[in-house]
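Engineer: got a predicted structure here, sequence first:
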Amino acid sequence: MSDQKNLIIAIVLSVAILFGFQFLVEAPRQERLREQQATQQSQTPGQAPGQAPAADGASVPGASGLPQMPSLAQQAADLAVSREKALAESPRVKIEGKRLVGSINLLGARIDDVVLPEYKETIQPDSKPIHLLSPAGGPSPYYAEFGWTVAGNGVALPNAQTRWTADREVLKPGQPVTLRWDNGQGLVFVRKIEIDDNYLFTVTQSVENKGDKALTLFPYALVSRHGTPKTDGLYILHEGPLGVFRDKAGDNGTLRELGYGDLADDKVREYDTVGGWIGFTDKYWQTVLVPGVEQTVKARFTHAKPNNGTDRYQADYLGAGQQLEPGKSVSATTLLFAGAKEVNLLDRYEEQHKILRFELSVDWGWFHFLTKPMFYSIDFLKGVLGNIGLAMLAVTVIVKLLFFPLAYKSYVAMSAMKKLQPEMQKLRERYGEDRAKMQQELMALYKKEKVNPAAGCLPILLQIPVFFALYKVLYIAIEMRHAPFYGWIRDLSAPDPTSWINGFGFLPWAVPDLGPLSIISIGVWPIIMGVSMWLQMKMNPTPPDPVQQKIFALMPVVFTFMLGHFAAGLVIYWSWNNTLSILQQYVIMKRMGVKIGGGAETPEPASKPKK
C-alpha cells in the first residue's frame with residue numbers, strides 16, 4: 001500500500017516540479033528583453049560572391065555558400081528612427097491583401113512592411129495590430145529579400161539601394177506587381193510578386209541576357225532579423241530559427257530548431273536540402289522561405305554583431321547555378337509565408353503547394369499524436385458550439401466517456417478501498433510500529449477482499465497526458481489566443497485576471513505588482529479549481545501513513561497557487577474535469593454502499609481483526 005501511495009506522490013510531485021520550475025524559474029526570463037536597436041548603414045554597389053553584404057547587414061549568400069559578414073566600413077550605425085518615418089523615406093508599392101496589409105520597398109525590392117490587422121497586440125479595443133515585418137532604418141528591422149549572385153566579378157547586380165520600377169502601385173490578390181531593373185550591361189532583372197487571400201507571397205524572379213556574354217547566376221532568398229526578439233523562453237515552445245530539410249528527394253525531412261543563442265557564436269549552420277523550408281518563428285507568427293519542391297539548395301542560418309552593435313540573424317538559401325546564354329533568360333520561384341500560424345491554413349498550404357511537413361511550423365511537441373487531435377477536436381466543436389471554452393468542456397466530457405470503462409474499474413477499486421478503511425485502521429492500531437507486519441496483514445486483507453490498491457492510480461495517470469495535451473494546445477495555438485469565455489474571462493490563453501487582493505474587483509484599488517510573490521495573487525477560477533480538487537480527494541481512501549495524509553491534504557492548496565497563473569482555459573478545464581470525476585465517483589460509491597464522508601454504510605467490518 002505504501003509503495004503505491006509513494007507512486008502517486010511521485011507522479012504528482014513530478015508534475016508540480018515540472019510546472020513549478022517553469023513558472024518560478026523560466027517565466028521571469030520573459031522580463032529580460034534585450035535592447036533592440038536597428039542600424040542604418042551606407043550602401044555599396046551590387047556584389048558578386050565574396051563581396052560585402054548590403055549596408056544594413058543582410059548577408060547575400062555567395063556562390064561558394066560561405067557566410068558574408070559586414071565589412072568594417074559598414075559597421076557604423078545610426079540611431080533607428082520610428083517605423084513610420086523609415087517607411088516614408090523610401091518609394092513603395094502598397095500591399096492590400098485580404099488578411100494582411102503593408103508595402104514593398106522599391107529600394108531593394110524588399111518585402112519589409114507586413115501588418116496583420118485581424119490580430120491585435122492586446123484584447124483592448126484600441127490595441128494596435130500586429131506588425132510582423134519592418135524596414136531597415138527603423139526599430140527592429142525584419143524583412144525578406146530576393147536576388148542573384150554571379151560566378152565571377154564585374155557584373156552589376158541589384159542590391160539594397162537599387163531603385164526598381166513597378167507596373168502598378170498596389171499589390172492585391174489576383175493583381176500581381178512586376179518590378180524591373182536594367183543593369184546597363186545587357187542584363188534585365190524582373191521580379192513578379194503575387195499574394196493569395198491569406199499570408200503567402202509567390203516571388204518569381206527572372207533575368208534576361210541581352211548582351212553577348214554567357215554567365216552563371218545563382219538565385220537566393222533570405223530573411224533578415226535585427227535584434228534579439230523577446231521570447232517566452234519556455235521549454236514547451238520553440239521560438240527562433242527553424243526549418244525542415246531533407247538530404248534527397250523522397251525522404252520525410254528533418255525539423256531543425258535553433259535558439260537565437262545557438263547562433264551567437266557566429267558559426268554558420270548549413271544544410272544541403274531538396275525542397276523544405278527555412279525561416280524564423282515566433283509564438284504565433286512566422287516568416288519562412290520555401291524554395292521549389294524538388295529544387296536543390298544550400299540553406300543556412302547565420303549571425304553577426306558588428307562592432308558590438310545589434311545582433312543580426314539571417315535565414316537564407318542559395319540555389320544551384322543556372323547558365324544564362326546570350327538572348328536567353330533564367331528564372332527561380334520562392335514562396336514566402338509571412339503571417340499567423342493558423343493550423344488549418346498551414347495544413348492546406350502543405351497539401352496545395354507540397355511544402356514538406358509544413359504542419360511542424362506549430363510546435364506540437366513530442367506528443368504530436370495526442371496534441372494535434374486535441375486541437376482538431378476543440379476546433380471542430382467550436383464551430384458547433386460557437387465558443388472555444390464550451391468546446392473545451394465538451395472535449396473533456398468526450399474524453400471521460402472514452403475512458404469510462406477504465407475509470408469505472410478504478411473508482412470501484414477506490415470505493416472498495418474506502419470501504420475497508422475501518423479494518424485498515426484496526427490493523428494500524430494493532431501492529432503500531434511493526435510496519436513490516438502491518439504491510440503483511442494489509443496485503444492479506446487486500447487478497448481476501450479482492451481489492452487492488454494500485455487500481456486507484458489510474459485516474460491520475462490518465463489525467464496527466466490529457467492535461468498536458470490541453471495545456472500545449474492552449475499555449476501554442478493561435479486559435480486560442482484572445483479567445484473569450486464567459487464573465488470576466490476574456491482570454492482563455494491568459495491567466496484569470498481577478499485577484500483576492502482587491503476583492504476580485506469589488507474593492508477600489510488595483511492589484512499591486514508583487515514581483516516573485518505574485519504567485520499568491522490568485523483569482524476566482526483557481527480557487528474553484530482548488531475547492532473541486534479538495535472535494536475529490538476527500539472522496540478517496542485516506543492514506544495509512546500520517547505523513548502521506550498531510551501531503552495529500554496540502555496538495556489542493558499547492559496546486560491552487562501553482563496553477564493560479566496558468567492559462568484560464570486550463571484552470572477551467574481542470575475544475576470541470578474534477579467536477580465530472582466527483583459526480584462519477586459519487587454515483588459509484590453510492591452503488592457500492594460507501595459513505596461519502598468515509599467508511600461503509602454497514603457497520604459490519606469487511607473482515608474480522610486478528611486477536
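Structural biologist: Perfect, I can see it now.
Engineer: residue ranges for the helices of the stretch 501-611 of the chain, please.
Structural biologist: For the stretch 501-611 of the chain, helices defined by DSSP state H, counting those that start in this stretch occupy the ranges 524-538, 546-562, 568-591.
Engineer: do the same with the chain
Structural biologist: Using DSSP state H, the helices assigned to the chain run over residues 2-21, 83-88, 343-353, 368-385, 388-402, 404-419, 421-431, 435-449, 458-476, 524-538, 546-562, 568-591.
Engineer: next, format the helices of the stretch 501-611 of the chain as CSV and append distance to F485 and mean pLDDT.
Structural biologist: All C-beta atoms are positioned from the backbone trio N, CA, C, and that covers glycine. Below are the helices of the stretch 501-611 of the chain laid out as CSV (distance: least, Cβ to Cβ, whole Å; pLDDT from 0 to 100):
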stretch, distance to F485, mean pLDDT
helix 524-538, 9, 90
helix 546-562, 19, 81
helix 568-591, 7, 86
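Engineer: the ones you listed: which one's closest to A340?
Structural biologist: For these, proximity to A340 was assessed by Cβ to Cβ; helix 568-591 is nearest, at 19.0 Å.
Engineer: how about the nearest residue to L427, chain neighbours excluded?
Structural biologist: Among residues not flanking L427 along the chain, E441 sits closest, at 5.1 Å (Cβ to Cβ, 6 or more residues apart in numbering).
Engineer: could you do V412 as well?
Structural biologist: I588 (6.0 Å).
Engineer: so the one you found makes contact with A407?
Structural biologist: No: look at I588 against A407 with Cβ atoms under 8 Å: they stay out of range, at 9.3 Å.
Engineer: need the helices of the chain in TSV (columns: mean neighbour count and distance to W277).
Structural biologist: Compiled in TSV, the helices of the chain are given as follows (neighbours: other Cβ atoms under 10 Å; distance: least, Cβ to Cβ, whole Å):
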stretch	mean neighbour count	distance to W277
helix 2-21	14	32
helix 83-88	15	27
helix 343-353	16	10
helix 368-385	17	18
helix 388-402	18	29
helix 404-419	19	41
helix 421-431	17	60
helix 435-449	15	57
helix 458-476	20	19
helix 524-538	20	39
helix 546-562	15	38
helix 568-591	20	31
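Engineer: which regions of the stretch 301-450 of the chain lie under the pLDDT threshold?
Structural biologist: 307-308, 432 (pLDDT under 70).
Engineer: at 90 what do you get?
Structural biologist: Scanning the stretch 301-450 of the chain for pLDDT under 90 picks out 305-310, 365-370, 396, 399-450.
Engineer: same question for the stretch 51-200 of the chain.
Structural biologist: Along the stretch 51-200 of the chain, the model assigns pLDDT under 90 to residues 51-83, 125, 137-139, 151-154.
Engineer: dump the residue contacts of G327.
Structural biologist: By Cβ atoms under 8 Å, 6 or more residues apart in numbering, the contact set of G327 is 209-210.
Engineer: tell me how far it lies from D212.
Structural biologist: G327 is 9 Å from D212, where distance means Cβ to Cβ, to the nearest Å.
Engineer: circling back to that earlier point, and the residue nearest to V412, what does it touch?
Structural biologist: 408, 411-412, 415.
Engineer: go on, M374?
Structural biologist: 395, 466, 469-470, 472-473.
Engineer: and for R163?
Structural biologist: Counting by Cβ under 8 Å, 6+ apart, R163 makes contact with 91, 106-107, 181.
Engineer: and the contacts of M374, which two are the farthest apart?
Structural biologist: V395 and K472 (13.7 Å).
Engineer: could you find the closest non-adjacent residue to V399?
Structural biologist: Nearest one to V399, counting by Cβ to Cβ, 6+ apart, is V466 at 5.7 Å.
Engineer: ignore what I typed, I meant I95.
Structural biologist: G102 (4.4 Å).
Engineer: quick check, the one you found in contact with L133.
Structural biologist: Yes: under the criterion of Cβ under 8 Å, G102 makes contact with L133 at 6.9 Å.
Engineer: who touches both of these two?
Structural biologist: 111, 113-114.
Engineer: that older thread, go ahead and confirm the residue nearest to V399 touches I398.
Structural biologist: No: look at V466 against I398 with Cβ under 8 Å: they stay out of range, at 10.7 Å.
Engineer: against M374, how distant is L385?
Structural biologist: With Cβ to Cβ as the criterion, L385 and M374 are 16 Å apart.
Engineer: so how far is stretch 296-316 off the chain centroid?
Structural biologist: Relative to the chain's own centre, stretch 296-316 is displaced by 23 Å; criterion: Cα atoms, centre = their mean, to the nearest Å.
Engineer: cool, stretch 174-191 as well?
Structural biologist: That offset, for stretch 174-191, works out to 38 Å (Cα atoms, centre = their mean).
Engineer: and of the helices of the chain, who's closest to L263?
Structural biologist: Of all these, helix 458-476 comes closest under Cβ to Cβ, at 22.7 Å.
Engineer: just want the angle from that closest one to helix 568-591.
Structural biologist: 160 degrees (axes from the mean of the first three to the mean of the last three Cα atoms, to 10 degrees).
Engineer: packing partners of helix 458-476?
Structural biologist: If you count contacts as 3 or more Cβ pairs under 8 Å, 6 or more residues apart in numbering; DSSP states H and E, helix 458-476 packs onto helix 2-21, helix 368-385, helix 388-402, helix 404-419, helix 568-591.
Engineer: turn those helices into a markdown table, columns for distance to P497.
Structural biologist: Below are those laid out as a markdown table (distance: least, Cβ to Cβ, whole Å):
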| stretch | distance to P497 |
| --- | --- |
| helix 2-21 | 20 |
| helix 368-385 | 22 |
| helix 388-402 | 15 |
| helix 404-419 | 34 |
| helix 568-591 | 8 |
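Engineer: quick one: the strands in the stretch 101-250 of the chain?
Structural biologist: Counting by DSSP state E, counting those that start in this stretch, the stretch 101-250 of the chain has strands at residues 101-105, 110-120, 129-133, 142-150, 165-166, 170-171, 177-182, 187-195, 200-209, 215-226, 240-245.
Engineer: rewinding a little: CSV please, covering the helices of the stretch 501-611 of the chain and showing distance to A58.
Structural biologist: Formatted as CSV, the helices of the stretch 501-611 of the chain follow (distance: least, Cβ to Cβ, whole Å):
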stretch, distance to A58
helix 524-538, 47
helix 546-562, 45
helix 568-591, 40
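Engineer: wait, which of the ones you listed is closest to K120?
Structural biologist: Nearest to K120 among those is helix 568-591; the distance by Cβ to Cβ comes to 18.4 Å.
Engineer: quick check, distance from the closest one to the centre of its chain.
Structural biologist: 29 Å.
Engineer: got the CA positions of it in PDB?
Structural biologist: These are the backbone C-alpha positions of helix 568-591, laid out as PDB (Å, rounded to 0.1, in the frame of the first residue of the first chain):
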ATOM      1  CA  ALA A 568      -7.500  30.400 -17.500                       C
ATOM      2  CA  GLY A 569      -8.700  27.800 -20.000                       C
ATOM      3  CA  LEU A 570      -6.500  25.200 -18.400                       C
ATOM      4  CA  VAL A 571      -7.800  26.000 -14.900                       C
ATOM      5  CA  ILE A 572     -11.400  25.900 -16.100                       C
ATOM      6  CA  TYR A 573     -10.700  22.500 -17.700                       C
ATOM      7  CA  TRP A 574      -9.200  21.200 -14.500                       C
ATOM      8  CA  SER A 575     -12.100  22.400 -12.500                       C
ATOM      9  CA  TRP A 576     -14.600  20.900 -14.900                       C
ATOM     10  CA  ASN A 577     -12.700  17.600 -15.000                       C
ATOM     11  CA  ASN A 578     -12.700  17.400 -11.200                       C
ATOM     12  CA  THR A 579     -16.400  18.100 -11.100                       C
ATOM     13  CA  LEU A 580     -17.100  15.300 -13.600                       C
ATOM     14  CA  SER A 581     -14.900  12.900 -11.600                       C
ATOM     15  CA  ILE A 582     -16.700  13.800  -8.400                       C
ATOM     16  CA  LEU A 583     -20.100  13.100  -9.900                       C
ATOM     17  CA  GLN A 584     -18.900   9.900 -11.400                       C
ATOM     18  CA  GLN A 585     -17.200   8.700  -8.200                       C
ATOM     19  CA  TYR A 586     -20.200   9.700  -6.100                       C
ATOM     20  CA  VAL A 587     -22.600   7.500  -8.100                       C
ATOM     21  CA  ILE A 588     -20.200   4.600  -7.900                       C
ATOM     22  CA  MET A 589     -19.700   4.900  -4.200                       C
ATOM     23  CA  LYS A 590     -23.400   5.100  -3.500                       C
ATOM     24  CA  ARG A 591     -24.000   2.000  -5.600                       C
END
